[in-house]
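>>> Below are the sequence and a predicted model; questions follow.
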Amino acid sequence: MSLELTATIDNRDLDISFSVADGETLAILGPNGAGKSSALGVIAGIVHPDSGRASLDGETLFDLPAEWRPAHARGTALMAQDPLLFPHLTVLDNVGFGPRSLGKSRRESRELARHWLAEVDASELAARKPSQLSGGQAQRIAVARALAAEPRLLLLDEPMAALDITVVPAMRQMLKRVLADRSAIIVTHDVLDAVLLADRVVVMESGRIVEEGATKEVLARPRSQFGAGIAGLNLMRGLAAGGAVRTPSGTTIEGLSEPPIADDEPAVAVFNPSSVAVYLTRPVGSPRNAFATKVLELEPHGSQVRVRTEELSADVTVPVVAELDLMPGKEIFLVVKASEVAIYPA
Amino acid sequence: MSLELTATIDNRDLDISFSVADGETLAILGPNGAGKSSALGVIAGIVHPDSGRASLDGETLFDLPAEWRPAHARGTALMAQDPLLFPHLTVLDNVGFGPRSLGKSRRESRELARHWLAEVDASELAARKPSQLSGGQAQRIAVARALAAEPRLLLLDEPMAALDITVVPAMRQMLKRVLADRSAIIVTHDVLDAVLLADRVVVMESGRIVEEGATKEVLARPRSQFGAGIAGLNLMRGLAAGGAVRTPSGTTIEGLSEPPIADDEPAVAVFNPSSVAVYLTRPVGSPRNAFATKVLELEPHGSQVRVRTEELSADVTVPVVAELDLMPGKEIFLVVKASEVAIYPA
Amino acid sequence: MSATTSVGIPRWIYVPAAVGALFIVLPLVALASRVEWSHFFSLITSDSSVAALKLSLRTSALSTLLCILFGVPMAIVLARTSFRGQSILRSLVLLPLVLPPVVGGIALLYTFGRKGLLGHTLDVLGIQIAFSTTAVVLAQAFVAMPFMVVSLEGTLRAAGQRYEVVAATLGARPTTVLRRVTLPLVLPGLAAGAILAFARSLGEFGATITFAGSLQGVTRTLPLEIYLQREGDPNAAVALSLVLVVVAVLVIGLVRRPRGGQL
Amino acid sequence: MSATTSVGIPRWIYVPAAVGALFIVLPLVALASRVEWSHFFSLITSDSSVAALKLSLRTSALSTLLCILFGVPMAIVLARTSFRGQSILRSLVLLPLVLPPVVGGIALLYTFGRKGLLGHTLDVLGIQIAFSTTAVVLAQAFVAMPFMVVSLEGTLRAAGQRYEVVAATLGARPTTVLRRVTLPLVLPGLAAGAILAFARSLGEFGATITFAGSLQGVTRTLPLEIYLQREGDPNAAVALSLVLVVVAVLVIGLVRRPRGGQL
Amino acid sequence: GSSSDSSDGAATVPPRLKLTVFAAASLKGTFTEIGKQFEATHKGVTVTFNFAGSADLVAQIQQGAPADVFASADTKNMDKATSDNLISGTPVNFAKNTLEIATPPDNPAHITSLADLAKPGVKVVLCAIEVPCGSAAHAIEDATGVKIKPVSEEQAVTDVLGKVTSGEADAGLVYVTDVKGAGASVHGVTFPESTKAINTYPIAALAGSKHASAAAAFAAYVAGAKGQAVLAAAGFAKP
Ligand SMILES: Nc1ncnc2c1ncn2[C@@H]1O[C@H](COP(=O)(O)OP(=O)(O)OP(=O)(O)O)[C@@H](O)[C@H]1O
Ligand SMILES: Nc1ncnc2c1ncn2[C@@H]1O[C@H](COP(=O)(O)OP(=O)(O)OP(=O)(O)O)[C@@H](O)[C@H]1O
Ligand SMILES: [Mg+2]
Ligand SMILES: [Mg+2]
């Protein structure tokens, strides 16, 4: 299901336009108050823009001032920032609310609800009332509720904000799985979510889209201030091979993969430029990954300097540049510890 | 103000006991549903435990079943997980609510409110109604509201969950400043909060305290599963010196400090063991920090191996241990890039 | 019991609350103290009393049903939409509250009576309302309707629309939202409205006598019976009132199982 | 205008809402259509009518005030605390709703009358309540009080205690919580209760005539005046009722400025 | 207010004396008129009325209402007051009333006699037996053997009249004075059997009155020629 959106909201100073292709997952990044939730609200039909139009798969969602399709008829499901579980329903019935509303039988809805509760690892909470949940539990239920509605376009507003970091990886895997063949928009503050879940990224600042494009590109070469602040992750795609990733060009990069990935499955290795050390000779030591390459360019990156090569970047402090006499064209080794590299199924 | 607490809640399977010393900040860590919010609720007087007792600075908060001091008379202020700003008051009046309730004049309360709004960088939102705020904005206001109440014991439940990562460092600095001379408890999912803001840490799992102690110790040698999962940060305390930290033992460690710290101010350098590389000879390359030391012990740490030395730890993958022939007593160099080291005022 | 505690209410509030409660309860005590208990049971089990009580319960139940069927939609329209003339409509709907019931009865006569606005239409349809039990129900519903509307509208507004919006984003059509979210959430207000409507119907006198008349077993409800008894024997009337009171307490008690306030 | 939109209500709901509205409005139209407008103004400006209207407004305002002063605390106690016998107390407080007003008047006489429960005490204090304007206010407050209590209690329960708890954790004592959080948040319910109480007071007849009598300028409120007019000239009564209606619409309209439903 | 219990002449009544008269609601028109006349001839006396149902009035007087004069619409309620020692002296009957058939102006059921009321299909409303007009109707039924099956037994004569004027009922039994008072909105059908039941209105000064002489004067005024003239104009018969 593909989405086309243009909208302005005057009193929130919002003016945006973007699209989501069929089956694509779009991540919206941006600082607090940038208008991310507002954008989701406009798509979901609960915030009324002053002008604009949107269509989902060719069907008009709104075309102001003439048309306005109500929220329930849009085929979108929104998991808002505030979980807002229905206080009078049990957790199970909260999750079953979407299917039930779409006409599924009570039994079927319960079935589905149980399935999605299991997916978010909250089966044992099924019989509770929302008032008896912890903050993180409530958020997981809210995610399950949105997923259970099986929308044409899924809208997730910071689905992992209240989760403890030990469950975040599992949740991310689950989302990765369910978002794979779905059109979805996910608002997040964590670049890793964007990297792992999204095909494309939109960066918003003060109600405007300041950056947009394929995740890899935006994060590799952010042009906006916010983008630069959060982005710059190194990504290497390839196939899993003995816990490492082998790229099409034959490079192997080692890292930590949890859960383990079967060999020859597509996989991606992610690591931060700041974890990458620059050497002039291949060092002998613990770091498992050393890539011989050439400096492409040097650019300031905050208080540091970003050393760009063909494929990877490294952030180093200013004295390093002088000491190692870095300059475009110089042959270097980029070294990164395996324990700094996260490997995920792609 | 020192807190002593023992409490059980049967239907949440909670059984805890801990204390907070005068002027101390305690961090509570733990997975979702561990009972962190419940613990704060018991202290704040909004959750009634089945048994237990608590006293703040010698004054009994409760001593069940006999005594129960109501929430408003406890001198604690709670910033709960859900911002719950009063919908009928403006942002300014929300923040001024605490002072006003404690008998300050309207003018004084407004003054204070404006001060705290500025602290959380939300002055321009003063006139808004809560319904006109973004999620992150609301959370900042909630933090300001709790701070403005100027309690004897401040209780913060995940104060930074909804904040975008670009404002988190500033918020952390602000909290660091205001928590310095205050007794406080902060619930967080981010170890860095614990490291930077807390003197002591309590780790909870399934309603029990599984670990407790000075932040540095708990994080250095976690005994619980959750502790191990999140902890292990390297901390080096000392005085700032030209943007680096010089420890009392004379070691200098370079890193990134934002904001810059004046020389000879107390400072702490924080970095992850997984960023630390192990070399057998001092390598020549970008990493600015190389410490000659000796292996103290090797211990498994998830799928990796933690290499412990006197002061620092490094996480390496299993093949590394064999390749470098690491064993207790072996002389090694621990190397960490300056860009991986965060330096904060202590 | 462990639970999120209520934060407590100011102590002093018990003082006006107690004064208020006394103000209501004392007269009831005074009333009860005047009843001649020796005659009480023979009196309240008389044919006419029993017939009146049965009729009252039946008609009040029916009129409460009407109030729910039509009052709930009105409250929702008033609370959840805005249109020109809404406030005028609201005031109009509230009018039976202030209209002296007798005048309300006259108005109903002018509308549903043989010579009334709809009288001819009804005649053609073969429907005879006046002097029938239907008239009693209509009279009660007319005076009781605003209670449901006002009480529920207040609750609907205070409850806000947050959960309704969430339900819509999950694909629930308005009817589903209404049934599965709005109504369950405002149940306390709806119950309050229904109790008020039932109580008002049970006590209704003026409109009934004017519009429906007073015939034993058909239109003479308990208040009418009480009024009549009073002409002869005031004490009998008081005794009968106590029956009404007891019935009301029972019915209200049944409807309103106190549930823990949700947090 | 941009805003978080309401999610809309089901279309079909307009049908019962409209039927309900017609059911209320039609009789009012029928009533208005029967008024002899030629006499209307002379009639409603007669001394006795004006005196009755003034008295009605004054006493209703006072009784509404009493309902607020005592009814709000009762509603709060009922909604926010639980104690043994609470549900019995609630039923008792609701009783004036079902008590035929005339019986309510008798009960008040038995309590505040010279020979009543408190009669002697009051006599000693030199206070004469029955047959004074005070009696009118008391009678109205007696019948109107439950409206405030029930309507507000429903809203309080539906609103929950979340914000009250937050306020307490910020150090607000119960009185502050009440004043700055609870009451502002349940304002729609309080307004509804006050309107109901005012309206019920304005229309009060049975208890007033029994307890306070019907003395022009002292206790003869508009409904009593209407009742008397009706003995002679039913049309006059109807005209006077319309005055009551117009006054009520004005007052209710003033009190209840429609405000946007908060989300 | 001031009080006095001396004298009986108009000239000696002290100024600003307030006389409170409790009178049956059906006397509103006539008594208001009589009250005005009385005030005019008795300088310094203000007459205020409390009009309500006779039973209400007795109950109020029993509870210590500040009343000076009581005028009842029937003897039964006056008897209650008498037996409770609430009145001073003996009550005086000052008016009589008899029943009359009232029909809508067009008389749709063509009622011409009492017997017509018993015809099937005729909608007749009566007063309930508990109230004076009802017991009168019952007495007539007993005396004549005409069995009327009413569609409603109303609480008050006003209610009967209301059903007739609105056209809801085909006929009702009300007082002569009511037919007269209703003017063109009803059509009256007199019937000879009406004499079988006559309703009597008694008046009395009350024992609790602080203005005994003025109270007695008012009662006497009502029963006297001036009062009778007003009452007769409204259709009341002499006692
Ligand atoms: N109902 C409203 N009326 C007016 N302005 C609003 C309303 N809701 C939000 N805003 C403002 O619109 C802007 C965008 O808000 P939005 O909630 O979309 O931000 P966001 O990107 O989701 O931020 P966050 O990361 O904090 O959730 C903010 O400045 C906010 O204050
Ligand atoms: N009102 C309640 N009644 C019963 N059980 C509750 C209630 N509130 C919370 N619980 C349960 O108590 C346990 C502890 O909840 P608590 O909210 O304290 O967790 P938490 O550590 O704050 O988690 P999170 O990180 O998700 O906020 C959870 O299992 C939760 O489901
Ligand atoms: Mg947001
Ligand atoms: Mg929590």
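Sure, I can see it. Ligands and ions are numbered 1, 2, ... in the order given.
>>> Find the residue closest to E:Thr98 in space, skipping its chain neighbours.
Distances taken as Cβ to Cβ, 6 or more residues apart in numbering or on different chains place E:Ser194 nearest to E:Thr98, at 4.5 Å, with adjacent residues excluded. From N, CA and C alone the C-beta is placed, and that goes for glycine too.
>>> my read: A:Asn234 touches A:Glu310, true?
No - using Cβ atoms under 8 Å, A:Asn234 is not in contact with A:Glu310; the gap is 11.8 Å.
>>> and for these two, which residues touch both?
Among the neighbours of A:Asn234, none is also in contact with A:Glu310 (Cβ atoms under 8 Å, 6 or more residues apart in numbering or on different chains).
>>> Backbone dihedrals for residue 200, please?
In the absence of a named chain, chain A is used. phi -130, psi 160 (degrees, to the nearest 10).
>>> That was the other one, I meant chain E.
The phi/psi pair for E:Thr200 (degrees, to the nearest 10) is phi -120, psi 140.
>>> more neighbours, A:Asn234 and A:Glu310?
Higher neighbour count among A:Asn234 and A:Glu310: A:Asn234, with 22 against 10, using other Cβ atoms under 10 Å in any protein chain shown.
>>> contacting residues around that one?
Neighbouring residues of A:Asn234 by Cβ under 8 Å, 6+ apart: A:269-273, A:276, A:311-313.
>>> and if you look at C:Ser132?
Residues near C:Ser132 by Cβ under 8 Å, 6+ apart: C:212, C:218-219.
>>> 6 Å instead, please
Counting by Cβ atoms under 6 Å, 6 or more residues apart in numbering or on different chains, C:Ser132 touches no other residue.
>>> Tell me the spacing between it and C:Ala139.
11 Å (Cβ to Cβ, to the nearest Å).
>>> cool, and E:Asp159?
Using Cβ to Cβ, one gets 13 Å for the distance from E:Asp159 to C:Ala139.
>>> if we can go back for a sec, any chance of the contacts of A:Asn234 in JSON lines, with secondary structure and neighbour count too?
As requested, the contacts of A:Asn234 are arranged in JSON lines below (DSSP: H, G, I helix; E, B strand; the rest coil; neighbours: other Cβ atoms under 10 Å in any protein chain shown):
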{"residue": "A:Ala269", "secondary structure": "strand", "neighbour count": "29"}
{"residue": "A:Val270", "secondary structure": "strand", "neighbour count": "21"}
{"residue": "A:Phe271", "secondary structure": "strand", "neighbour count": "23"}
{"residue": "A:Asn272", "secondary structure": "coil", "neighbour count": "20"}
{"residue": "A:Pro273", "secondary structure": "helix", "neighbour count": "23"}
{"residue": "A:Val276", "secondary structure": "coil", "neighbour count": "28"}
{"residue": "A:Glu311", "secondary structure": "coil", "neighbour count": "16"}
{"residue": "A:Leu312", "secondary structure": "coil", "neighbour count": "22"}
{"residue": "A:Ser313", "secondary structure": "strand", "neighbour count": "22"}
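>>> any idea which of these is closest to D:Pro223?
For D:Pro223, the closest of the contacts of A:Asn234 turns out to be A:Val270, at 79.8 Å, with distances computed as Cβ to Cβ.
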